[in-house]
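Novice: Need a 3D model of the following:
(4 chains)
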Number of protein chains: 2
Amino acid sequence: MDLNRSGPIPLYFQVSQRIEKAILSGELPAGSRLENEVALGQRLGLSRPTVRRAIQEIVDKGLLVRRRGIGTQVVHGQVTRKVELTSLYDDLTNTHKVPSTHLLALETRTADAKTAERLGVAEGSPTLYIRRVRLADAVPVAVMENWLPEEFIGIEPNDLVAHGLYQVLRSRGVTMRVARQHIGARKSTNEESMLLEIEKNAALLTMDRTAFDNSGRAVEFGQHCYRPDLYSFEVTLVEK
Amino acid sequence: MDLNRSGPIPLYFQVSQRIEKAILSGELPAGSRLENEVALGQRLGLSRPTVRRAIQEIVDKGLLVRRRGIGTQVVHGQVTRKVELTSLYDDLTNTHKVPSTHLLALETRTADAKTAERLGVAEGSPTLYIRRVRLADAVPVAVMENWLPEEFIGIEPNDLVAHGLYQVLRSRGVTMRVARQHIGARKSTNEESMLLEIEKNAALLTMDRTAFDNSGRAVEFGQHCYRPDLYSFEVTLVEK
DNA sequence: TTTGGCCAATTGTCATGACAATATCAGGTC
DNA sequence: GACCTGATATTGTCATGACAATTGGCCAAA
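Specialist: Take a look at the predicted model:
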């Protein structure tokens, strides 16, 4: 066993990563039973709470199912990657496509009522407005509008072209914690059709999002629309 | 304190419900700090792990944010109801609309390749096929197609008209645990436009879902499409 | 005034122990 | 053969204790 007890990586995380890897690699096939918590703990030299937490992490991802009296089993069905708090930029790089960006607007705007409410700032206060077209392998995938609070005014165009918005925010010391999204659909406007290189009045997949950092403050509000033939959302729900 | 130590309801759940209620009612305003774990445990006569788990439940819902060295705070932004493993039927009743159903088809079909893969059954094996139009306050909201494994053949039309599919399954002793959903958009077919009482070639919000029960076996596969002016998805993401 | 370091507060991680609840299974009884 | 019963296995809940890591503020020194 290659558990690193001195490093900064928690033991339960090391264990959960190993188990998850075993599931995704097929080493633990669908429907197979996991070793029980007590035995697994003894074998690894870990306490039961630690092992239990490791397993719980994977249950929360929807890869394992526990039943008291029975044990823990791998869920059936082809496993897919889970939905995380990521940006479209991250999604594209993870799927081995080459992302690029057309920056349409990067300017300071005073917050109207809706923006102010979503960002939790005073109406009329300055905000940073960004509008971009995201491309994957040179094909337009999404038109994205974002509003950021005052303190981010000063973000350079070059940053947004070379990296995703979330990367830029992370590099400024902001870590996202919670995001609330609404996903819907509507017809495209003529301008959107042109930008996305699709026919007029095509169906668009839309997503509105407000993201909060680890202090609970809103750091981003965005309205995005996606080409539904090139992008869709994947959600795994787990009942507790 | 009204903690019930003898009842079947876990202590951590009783605590988390109380805290969540306090947040939703505004008793704990956005940005306010929660009493620290140790003190809260002492005040309630509970151990720290129990209190910690109670708080963690709410953090996972995106209502609280913890920072080590600082404490636990209520997230900013208007709180919305969380996303759960529910059916559209439940959603509608929760929003005080009157749901009803037009049953278009309820028949046995042999599984084609796609259905067999999604349900984890052999190709050619019998499945139950259901097609419904869901209405809210007599206005059509969604067209839903569902495939269920062999054992559910025998579900009565009356069940599906009076209750949601998930209710019917629950009454047969099936409890959903994990669901994988794909959310996208496309244009409506002429038939869908007629059923949903919308114009031709309108934008539709689509959702494909495979649901698994607590033994990890697929119990339902569905392809739904929604009127985007009447329905949208709400997702709360929490980074760990 | 500014800077650096120390200290207190708070959450994060881990161990040990105990009992409860639930499902399976074998065996006995009617 | 069907049904009840008990034993067993396994996860669910809860308590207690300890130490680590991070943050923020205070205070002293430059």
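Novice: can you give me the helices for chain A?
Specialist: A:11-24, A:37-44, A:48-60, A:88-94, A:113-119, A:157-162, A:165-171, A:190-196 (DSSP state H).
Novice: would you turn the ones you listed into a markdown table with distance to DNA strand D, mean neighbour count and mean pLDDT?
Specialist: The way it works is simple: take the backbone N, C-alpha and C, and place the C-beta from them, glycine included. What follows is those, written out as a markdown table (distance: least, C-beta to the nearest atom of the strand, whole Å; neighbours: other C-beta atoms under 10 Å in any protein chain shown; pLDDT from 0 to 100):
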| stretch | distance to DNA strand D | mean neighbour count | mean pLDDT |
| --- | --- | --- | --- |
| helix A:11-24 | 12 | 18 | 92 |
| helix A:37-44 | 4 | 15 | 92 |
| helix A:48-60 | 6 | 18 | 93 |
| helix A:88-94 | 22 | 18 | 58 |
| helix A:113-119 | 21 | 17 | 89 |
| helix A:157-162 | 23 | 13 | 86 |
| helix A:165-171 | 14 | 18 | 83 |
| helix A:190-196 | 40 | 15 | 97 |
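Novice: Include distance to B:Arg52 when you put the ones you listed into CSV, please.
Specialist: What follows is those, written out as CSV (distance: least, C-beta to C-beta, whole Å):
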stretch, distance to B:Arg52
helix A:11-24, 14
helix A:37-44, 19
helix A:48-60, 11
helix A:88-94, 31
helix A:113-119, 31
helix A:157-162, 39
helix A:165-171, 28
helix A:190-196, 47
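Novice: Which one of those helices lies nearest to B:Pro140?
Specialist: Closest to B:Pro140 of those is helix A:190-196 (C-beta to C-beta; 27.1 Å).
Novice: pLDDT wise, what is A:Asp137 at?
Specialist: We have a pLDDT of 87 for A:Asp137.
Novice: and what of A:Gly77?
Specialist: At A:Gly77, pLDDT is 67.
Novice: what's the spacing between A:Gly154 and B:Glu37?
Specialist: As judged by C-beta to C-beta, to the nearest Å, A:Gly154 and B:Glu37 stand 38 Å apart.
Novice: burial count for A:Ala202?
Specialist: 19 (other C-beta atoms under 10 Å in any protein chain shown).
Novice: In chain A, which residue sits closest to DNA strand D?
Specialist: Nearest residue of chain A to DNA strand D, counting by C-beta to the nearest atom of the strand: A:Asn36, 3.2 Å away.
Novice: List the contacts of that residue.
Specialist: Neighbouring residues of A:Asn36 by C-beta atoms under 8 Å, 6 or more residues apart in numbering or on different chains: A:71-72.
Novice: Backbone dihedrals for it, please?
Specialist: Main-chain dihedrals, A:Asn36, degrees, to the nearest 10: phi -70, psi 160.
Novice: Model confidence for the residue lying closest to A:Arg118 once chain neighbours are set aside, exactly?
Specialist: Spatially, and ignoring its direct neighbours in sequence, A:Arg118 is nearest to A:Phe221 (4.3 Å; C-beta to C-beta, 6 or more residues apart in numbering or on different chains). You'll see A:Phe221 listed with a pLDDT of 93.
Novice: tell me the contacts of A:Phe221?
Specialist: Here A:Phe221 is in contact with A:115, A:118-119, A:146-148, A:208-211 (C-beta under 8 Å, 6+ apart).
Novice: Let's have those residues in TSV, adding distance to A:Leu3.
Specialist: Formatted as TSV, the contacts of A:Phe221 follow (distance: C-beta to C-beta, whole Å):
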residue	distance to A:Leu3
A:Thr115	49
A:Arg118	44
A:Leu119	44
A:Asn146	42
A:Trp147	45
A:Leu148	42
A:Asp208	43
A:Arg209	38
A:Thr210	39
A:Ala211	35
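Novice: Of those - the most surrounded one?
Specialist: Most surrounded of the contacts of A:Phe221: other C-beta under 10 Å gives A:Ala211, at 26 neighbours.
Novice: I'd like the distance between it and A:Gly154.
Specialist: For A:Ala211, the distance to A:Gly154 - C-beta to C-beta - is 19 Å.
Novice: Find the nearest non-adjacent residue to A:Glu197, please.
Specialist: A:Pro140 (5.5 Å).
Novice: Also A:Tyr231?
Specialist: A:Val141 (5.6 Å).
Novice: so what's A:Ala138 up against?
Specialist: Contacts of A:Ala138 by C-beta under 8 Å, 6+ apart are A:98, A:100.
Novice: And the strands in chain A, which stretches?
Specialist: With strands called from DSSP state E, chain A shows them at A:64-67, A:71-74, A:99-110, A:126-136, A:139-148, A:176-187, A:203-213, A:218-226, A:233-238.
Novice: Contact partners for the nearest residue to A:Ile19 once chain neighbours are set aside?
Specialist: Excluding the flanking residues, the one nearest A:Ile19 by C-beta to C-beta, 6+ apart is A:Ile58, at 5.8 Å. A:Ile58 makes contact with A:16, A:19-20, A:23, A:64, according to C-beta under 8 Å, 6+ apart.
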